[in-house]
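Q: sharing a model prediction with you, sequence too.
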Amino acid sequence: MEGELSRLDQGQSSATEMLLRLLEAQVQAQRERRVERRIRDSKLPERKTLIDFDFDFQPGLDRSLVRELMTMGFVPRRQGVILAGNSGTGKSHLAKALALEGCKQGYRVRYTTAADLLQTLFASLADDSLEQRLKPYLQPDLLVIDELGFDRLEREDARNAALFFKVIDGRYTKRSTVLTTNIDFEQLGHYLGDPVVTTAIVDRMVHHSTVITFAGPSWRLKESKALNQPKARPGTTPTAVARQEAAPQGAPKRSPRR
């Protein structure tokens, strides 16, 4: 504000220009606060972006398709996205990036893991609050269900399939859902406890959805190997490092010749 008044006093700006800049700054601040509120309400555990995603590590991914998804055009079309593949391949990263971008573009977003979702809904059966507990999963414009099949469910019960069906069916053709999974659709019946209901779930999940398969290696395994690699001492050549690794541990040192 002081800077604007100073520019006005020095004749570098008119009163109208100053007011326009102040209004633009206020609008921008309000927009940023709304985005922050949407991110907070989404329960997103961390902020991932597409810029941080290493496409070179997953060369099989269709970059143009991923960038198209990041425009969030699938949300107003009420379409779904399924990200399938082995653990550590970047599925959750991309799902969280989509959730964050959805918040930035003004959509109501909710993030959850499959295990947390089912645990919450299963607990609602005890106090007959299922309809109330379903609302946070049915109402958002975009629901991200992460790690389907990743964790063993707290309760191995056929009702898990019925509860999951309520969420998927309640959003089917009405809202967009992003789902990540590391197990084949054929194994979901065993995971959720009811193959018959699971067939209906998969039918709704796949229809009207973009399915992306992550077939590359695990990024976490790559990072783990890098962290556990022996570090060379300053000035040590790669050949010397290889000899160091090959040398038997605890080998006796030769005494210097006199």
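A: Received, thanks. All of these numbers come straight from a predicted model, not from anything done at the bench.
Q: how about residue 98: what's its closest non-neighbour residue?
A: residue 178 (5.6 Å; Cβ to Cβ, 6 or more residues apart in numbering). Where C-beta positions appear, they are placed from N, C-alpha and C, glycine not excepted.
Q: how about that neighbour: which residues does it bridge to?
A: Beta-bridge pairing of residue 178, defined through DSSP bridges, involves residue 81, residue 144.
Q: show me where pLDDT drops low in the stretch 151-258 of the chain?
A: Residues of the stretch 151-258 of the chain meeting the criterion pLDDT under 70: 216-258.
Q: what are the ranges of the helices in it?
A: In the stretch 151-258 of the chain, helices defined by DSSP state H, counting those that start in this stretch lie at 159-171, 185-192, 195-206, 219-227, 238-246, listed in chain order.
Q: ok, back up a step: how many neighbours does the residue nearest to residue 98 have?
A: When neighbours are defined as other Cβ atoms under 10 Å, residue 178 has 27 of them.
Q: next up, the contacts around the spatially closest residue to residue 105 that is not a sequence neighbour.
A: Nearest in space to residue 105, with sequence neighbours left out and distances taken as Cβ to Cβ, 6+ apart, is residue 72 at 5.2 Å. Residue 72 is in contact with 98, 101-102, 105, 107, 142, counting by Cβ atoms under 8 Å, 6 or more residues apart in numbering.
Q: try 10 Å
A: When contacts are counted by Cβ atoms under 10 Å, 6 or more residues apart in numbering, residue 72 is found next to 98, 101-102, 104-107, 141-142, 176.
Q: in a helix, it, correct?
A: No. According to DSSP: H, G, I helix; E, B strand; the rest coil, residue 72 belongs to no helix; its state is coil.
Q: how close does it sit to residue 106?
A: Separation of residue 72 from residue 106 (Cβ to Cβ, to the nearest Å): 9 Å.
Q: what does residue 43 give?
A: The gap separating residue 43 from residue 106 is 18 Å, by Cβ to Cβ.
Q: cool, and residue 141?
A: In this structure, residue 141 lies at 9 Å from residue 106, with Cβ to Cβ as the measure.
Q: what does residue 73 give?
A: For residue 73, the distance to residue 106 (Cβ to Cβ) stands at 14 Å.
Q: between these two, who's got more neighbours?
A: Residue environment comparison for residue 73 versus residue 106 gives the larger neighbour count to residue 106, 13 against 10, counting by other Cβ under 10 Å.
Q: what helix or strand is that one on?
A: When elements are defined using DSSP states H and E, residue 106 is found to belong to no helix and no strand.
Q: who are the contact partners of it?
A: Contacts of residue 106 by Cβ under 10 Å, 6+ apart are 31, 34-35, 38, 72, 141.
Q: so what's the residue count around residue 127?
A: Every residue meeting other Cβ under 10 Å relative to residue 127 is counted, giving 9.
Q: what are the ranges of the helices in the stretch 1-150 of the chain?
A: Using DSSP H, counting those that start in this stretch, the helices assigned to the stretch 1-150 of the chain run over residues 2-9, 15-42, 63-69, 91-104, 114-124, 130-138.
Q: how near is residue 117 to residue 74?
A: Counting by Cβ to Cβ, the gap between residue 117 and residue 74 amounts to 21 Å.
Q: what about those two, which has more around it?
A: More neighbours surround residue 117 than the other of residue 117 and residue 74, with 22 against 19 (other Cβ under 10 Å).
Q: tell me the contacts of the most centrally placed residue in the chain?
A: Residue closest to the mean C-alpha point of the chain, counted by Cα atoms, centre = their mean, is residue 96 at 2.3 Å. Listed by Cβ under 10 Å, 6+ apart, the contact set of residue 96 reads 42, 44-49, 111, 144, 146, 178, 180.
Q: right, I'll call it a day here.
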